[in-house]
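J.: give me coordinates for this.
(7 chains)
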Amino acid sequence: MFQQAGRGYDMAITQFSPEGRLFQVEYAIEAVRRGTTAIVCRNQDSVVFAVEKKSSELALSIGSEKIFKVDDHIGVAIAGLTADARVLVDRARIQAQVNLLSYDEEISVKDATIHICEYKQAFTQNAGVRPFGVSFLVAGIDTNGASLYLTDPSGAMWGYKAFAIGSGANEARTFLEEHYKDDISDDELKLLPLKTLKAVMGDALNKESCDVAFILKEDKVFRLLSNEEKEELLKKI
Amino acid sequence: MFQQAGRGYDMAITQFSPEGRLFQVEYAIEAVRRGTTAIVCRNQDSVVFAVEKKSSELALSIGSEKIFKVDDHIGVAIAGLTADARVLVDRARIQAQVNLLSYDEEISVKDATIHICEYKQAFTQNAGVRPFGVSFLVAGIDTNGASLYLTDPSGAMWGYKAFAIGSGANEARTFLEEHYKDDISDDELKLLPLKTLKAVMGDALNKESCDVAFILKEDKVFRLLSNEEKEELLKKI
Amino acid sequence: MFQQAGRGYDMAITQFSPEGRLFQVEYAIEAVRRGTTAIVCRNQDSVVFAVEKKSSELALSIGSEKIFKVDDHIGVAIAGLTADARVLVDRARIQAQVNLLSYDEEISVKDATIHICEYKQAFTQNAGVRPFGVSFLVAGIDTNGASLYLTDPSGAMWGYKAFAIGSGANEARTFLEEHYKDDISDDELKLLPLKTLKAVMGDALNKESCDVAFILKEDKVFRLLSNEEKEELLKKI
Amino acid sequence: MFQQAGRGYDMAITQFSPEGRLFQVEYAIEAVRRGTTAIVCRNQDSVVFAVEKKSSELALSIGSEKIFKVDDHIGVAIAGLTADARVLVDRARIQAQVNLLSYDEEISVKDATIHICEYKQAFTQNAGVRPFGVSFLVAGIDTNGASLYLTDPSGAMWGYKAFAIGSGANEARTFLEEHYKDDISDDELKLLPLKTLKAVMGDALNKESCDVAFILKEDKVFRLLSNEEKEELLKKI
Amino acid sequence: MFQQAGRGYDMAITQFSPEGRLFQVEYAIEAVRRGTTAIVCRNQDSVVFAVEKKSSELALSIGSEKIFKVDDHIGVAIAGLTADARVLVDRARIQAQVNLLSYDEEISVKDATIHICEYKQAFTQNAGVRPFGVSFLVAGIDTNGASLYLTDPSGAMWGYKAFAIGSGANEARTFLEEHYKDDISDDELKLLPLKTLKAVMGDALNKESCDVAFILKEDKVFRLLSNEEKEELLKKI
Amino acid sequence: MFQQAGRGYDMAITQFSPEGRLFQVEYAIEAVRRGTTAIVCRNQDSVVFAVEKKSSELALSIGSEKIFKVDDHIGVAIAGLTADARVLVDRARIQAQVNLLSYDEEISVKDATIHICEYKQAFTQNAGVRPFGVSFLVAGIDTNGASLYLTDPSGAMWGYKAFAIGSGANEARTFLEEHYKDDISDDELKLLPLKTLKAVMGDALNKESCDVAFILKEDKVFRLLSNEEKEELLKKI
Amino acid sequence: MFQQAGRGYDMAITQFSPEGRLFQVEYAIEAVRRGTTAIVCRNQDSVVFAVEKKSSELALSIGSEKIFKVDDHIGVAIAGLTADARVLVDRARIQAQVNLLSYDEEISVKDATIHICEYKQAFTQNAGVRPFGVSFLVAGIDTNGASLYLTDPSGAMWGYKAFAIGSGANEARTFLEEHYKDDISDDELKLLPLKTLKAVMGDALNKESCDVAFILKEDKVFRLLSNEEKEELLKKI
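T.: Here you go, the predicted model:
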């Protein structure tokens, strides 16, 4: 069975097809599409992350494997290969420290994202490596207020007000387009990603099957919610 | 479906076909042809850029992903892979700084373009990499006045008075050939790229679906227009 | 016979399939599935390891080839290729020493695991190497109490209270889900992995065909049990 | 369509065929054959270059993309891939400077050509690169008077009195063999390349569709003619 | 004939099959199975090696090509490719010297074996090399008394009291299982490997067709027996 | 047409065939067989070179592309790829200078040849390069008198009194075997290579279609003959 | 014809077949089998080499291409690719010098052989190279008296009293087994290799078609015989 599946795809890593497409990048995007759903929303001043989490009887939360802190003021929610994500998060963290040491100021959300993008792009143009199989929703608060960027396996980036990636992305985006308002308050913002996740996951959503993180205008500090906090939020939706 | 499409193209990266063609370069040019339309026009003293922009309900402009500033006096409009473009723009920016530091004068538009060309060429002759899937319209103002160059994935370059690349290139070039005049005034010049884009995009053109930038003889400084400025221009065409 | 078997699998090391899968990583996981069974359980303060051991008339135990000490306070039980495991254990040991020298404190169980994960991930993204064909159950006691992590050939990690890997993993996990209690005492904990192994191996389980190790709250020191100690435990189950 | 064409050629970069041929080099020569026509003639003391130029309504001459100055006393006319030519011209320019600095004398036309040849040869013998898809007519005036060399993609070189390369090479060479005289005067020499180009291009030849350059015995300095100068010459033929 | 045989095996060096197997390692083990038989036995204090030796009229013993001294207190008997074995023996010898110089004590038999294992493993995980086609029975006397380890082409290791490798391994192991006693005396130990070899080779066994080496508790020094000594032993079996 | 021809040969660069042959080397020898004819003869004290030369109406001799001076006392006549030959001649020239500087004496003809051989051999044993497609007849006068060596694409060498390579080699060798005498005088020696070339080329031989060089005992200095000198020789044969 | 022959063999350089064989090494041994015959014999104190030599009317002996001096006291006779042999002889010569400089004593024949073996082995285990297509009979006199070793393309080595390699090896070995005596005198030893060569070559053996070298106990110095000396020996057989 593996054999049949395994032989069909193309062996060229860094080449264009006659139509000008890069298949390895498109296949890596498939890895993202098969990942758990991740949702991030922002208003002018705050950012809220929510992700689906696979859980089992014997499993224990070890922080989150789908939401990572890059710096105090920046977090990422990911969809795709977790092990790939960790490599990129490590690089982003180091870059944030380098920026602080070099310029004596915190890295902007945009610069942190561009740094991730450039690293991803290199893995689409060189032989001997494969693209990163992971998309990032990078969000945080800097001197320009709150911002949110998507970067995919090609290394391209886009700005968003609210966005979703992973297996439930289509449903989630439709929900967000209907429910996101430009003047959304922090209280509403805290609930919107979870409400969206509810639309995707239905009754499977509970405090064990999701992770939620905030970066709020009060303190501008990334914080992963405890099970108790998640439960409280879940009651409100 | 992917499999069928994926297996048809040639696996040799840097080889000539018996007809003396380099397929990977031609395929990379296909990536440019599939990109959004970009148009740049110049007269003796000024340069105007306009590009098509994909937008959605939740997306937010993050500067522009299709028009980049290389230096105060030089900009580029691109068609093709944005992530590839960013790598080349970064190199061009560094080269502009190096030139300033080494010779105490701003890099000429032509030298900046040649630098991009040489980097692109290397990616067509060496194994282990693919060509850059992006064409650049490099334009700016230097001591020779305004100039505009095209460079494609092969690393070749050409000089133009006005030119268009991307999916709408053919329509746009026909429009430009009809409407460009050698003695075009700055006021007309500001509108010509947008008018051309209108010919390509029709009613889909609005302030959200395009980006416009100027480098004008008054200050010789690259400037990306705001939504308000774009709206004002759109009213005039 | 070899030839038939040998030709069926896919030759691309680090590429995505059109479905976004990495076959080499999935095949490496098969090597884990074919390995001997390994089980690790923990409560808040202590950790117990048990593994199946192949033995023969002329063989002699040489320590254990399936349970390794990483540092005084951390051990691993492995399933898959022993020779691959040794490379990773060596790296983990060195990292533990580096941590001690650099920060003057023992490495946390989580950090030791992350280090292993990152090394594994690199072997899934670069050409010229194959993934490590081994999964690790890393467990130990640090300032956060006892903890237990699984890391597989992809370099991903998960936290667990009790878990099993190798050829008997499914049976063992079912057994653990039924018999593990959150408030399990140290005395019960010492027996649970062996009881689970009994469920997998049946009458084949004896002091020669298993290895057992403890890291207990009394001394927080990894210790591989002697044949006598194993026999004593086996009497109790 | 691309696919059919793309799959027929041979994948081995630097290997001999059983007949002792190097196909990649022969294919690169095809790229030269598809290029625009270039013609160079010399007498004892002077050199004249003429090349066909593709032009369009919106294009602007940017110097010439088919005639390059290597040093004050040496120029080249090329046929084939312009981006490849630029790499070689850059190397030749640097070598000319190195020669001046090292020996305090201008590089001879022959030494400049040999330098280009050796660089080209290396790209026919090593894997991981392709041959340069360009032929050069290198000509200039040094202490031996005027000289003219051809170097093709293999890195071989030949001496000539007058020669033509590119798509119109056969017609042009026949014309040159008929009209070239060993005692040709400078005045005749200035016209011969253009006359030859006329034989190839017919009515398509005009001041926009060609470039002409001189290195004459008066000043021994490479000079690209202006549109006015070209027009004057064209009247005379 | 070669062609038919040559084309059937798999071309991927360092990859997993869908079943999680590494064919190149399994094929290398075949090279071991085709090798001459090697047998090593130990009791608590002493070690005895015996190997089959191919001989001919004109050949002369040059030491032994199947038993090597690693250090005064450690020897190896090998089955498989002799030229591969030499590379590993050289490394082991150097490591023994390094250990002596670094720690001022002789390397333990186990550490010497682990060093060999790690080197072997690297040749199973990296492209551009093949696994070592040789198994080692490493035996010697250190502060823990006598010990004996097997290491195969994968780099895995096992401890034994007595073991055999090579083409006669199955017969030899059966013989050893029947005749090895845990309390075997040195006098019996000296004969057991040869007796086992007799069971494999039958009448072909003579002083020219075998090599024997001792590391005995008296002096703990590796010694290859002379033809006279071998003859004397052969009389006793 | 190219395609058919191009696909038949073997893709492995540096491998043996089952018969123990190296096809790439044999194919490179084909390139030599397709080359122009080169002939070198010597007696005890002098050496004479003659080669066929392709010429055309517009071509001009540029020294010779088939006879090269290595040092004052050593020359080579080549058959095969001229661009490959140049690389080897350059290396030989440098080696001659190095020898002079290091030992304060001229390099011997044999040492110069060995140096070329070793460089050629390396290109038959390593992947990523192809063999040199050229054979050399290296000849000169050193302290041992005159000597002449052949080296082919494999890097092997042979000593000769007179020899021929290239497309007319067979005819030429037959002629040489009939006409070469061990006690040949210098006057006869000067004519023999040209006479041999006449036997190969017939009426096509004239002063434009050959090159001749001498290293004579009078001055022991390599000298390429002028057209006048060649004409004089041709009259005598 | 080439094509058919060329396509049948296996493309994998450094891999095992399912039977545990290394085809490239076996094919390299075929190159040895196709080589000219080489024979070396020794007694306790002296060594004699004899090899078949291809000769032609115009060829001249240039030393010998099949017997080489490694050091004053060591020589080699080779069968297979001469150009490959030269590389190995050069390394052996350098190693002999290094030994002399480092330890102030001549390298032993065995150590010189081991050095060659290790270099050969590396070319059987790494990708990007092919094995050496040559076998060596290394012989000489050192403090242990005379010794003779064979090393084949795999890098394995064997000790012999007398041995033959190359196309006539089987006949020659049969002859040697019949005629070699352990107490052979120097006078008999000087003739035995030539007698053996006579058995292989029959009437084709004469002073031009063989090379002979001695290392005798009188002076322990390698010496290649002159034509006169060979003639004298040939009279005696």
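
J.: which residues touch the top helix by length along chain A?
T.: The helix that spans the most residues within chain A, counting by DSSP state H, is helix A:82-103. Applying Cβ atoms under 8 Å, 6 or more residues apart in numbering or on different chains, the contact partners of helix A:82-103 are A:65-66, A:68, A:70-71, A:74, A:76, A:78, A:105-107, A:111-112, A:115-116, A:119-120, A:132-134, A:136, A:138, C:114, C:117-118, C:120-122, C:124-125, C:154-157. Quick note: C-beta positions are derived from backbone N, CA and C, even for glycine.

J.: also near chain B: which of those residues, exactly?
T.: The residues of the contacts of helix A:82-103 that also fall near chain B, by Cβ under 8 Å from any Cβ of the partner chain, are A:Lys120.

J.: now the contacts of helix A:82-103: which count as buried?
T.: Among those, those classed as buried by 16 or more other Cβ atoms under 10 Å in any protein chain shown are A:65-66, A:68, A:70-71, A:74, A:76, A:78, A:106-107, A:112, A:115-116, A:119-120, A:132-134, A:136, A:138, C:114, C:117, C:120-121, C:124-125, C:154-157.

J.: the residues you listed in helices, which ones?
T.: Counting by DSSP H, the buried ones among the contacts of helix A:82-103 place A:Ala112, A:His115, A:Ile116, A:Tyr119, A:Lys120, C:Ile114, C:Cys117, C:Lys120, C:Gln121, C:Thr124, C:Gln125 in helices.

J.: what's the farthest-apart pair in those?
T.: Spatial extent of these (Cβ to Cβ) is set by the pair A:Ala112 and C:Lys120 at 25.7 Å.

J.: SS state for the residue of chain A found nearest chain D?
T.: The minimum distance from chain A to chain D, using Cβ to the nearest Cβ, falls at A:Pro18 (3.8 Å). Of the three states, A:Pro18 takes coil according to DSSP: H, G, I helix; E, B strand; the rest coil.

J.: how near is the closest residue in space to A:Ala127 that isn't next to it in sequence to C:Gly202?
T.: Nearest residue to A:Ala127, sequence neighbours excluded (Cβ to Cβ, 6 or more residues apart in numbering or on different chains): B:Gly128, at 4.1 Å. Counting by Cβ to Cβ, to the nearest Å, the gap from B:Gly128 to C:Gly202 is 54 Å.

J.: kindly report the same for A:Leu234.
T.: 44 Å.

J.: out of these two, which sits in the busier spot?
T.: Ranked by neighbour count (other Cβ atoms under 10 Å in any protein chain shown), A:Leu234 and C:Gly202 place A:Leu234 first, with 17 against 8.

J.: A helix includes the more buried one, no?
T.: Yes. Assigned with three-state DSSP, A:Leu234 falls within a helix.

J.: where does the spatially closest residue to it that is not a sequence neighbour sit: helix, strand or coil?
T.: In space, and not counting its chain neighbours, A:Leu234 is closest to A:Lys207: 6.2 Å by Cβ to Cβ, 6+ apart. Of the three states, A:Lys207 takes coil under three-state DSSP.

J.: ok, A:Lys207 touching A:Glu232?
T.: No. Using Cβ atoms under 8 Å, A:Lys207 is not in contact with A:Glu232; the gap is 9.2 Å.

J.: identify the residues contacting A:Leu233.
T.: Counting by Cβ under 8 Å, 6+ apart, A:Leu233 makes contact with A:Lys190, A:Leu191, A:Leu194, A:Val212, A:Leu225.

J.: in which helix or strand would I find the first one?
T.: Same thing as A:Lys190. helix A:186-201 (DSSP states H and E).
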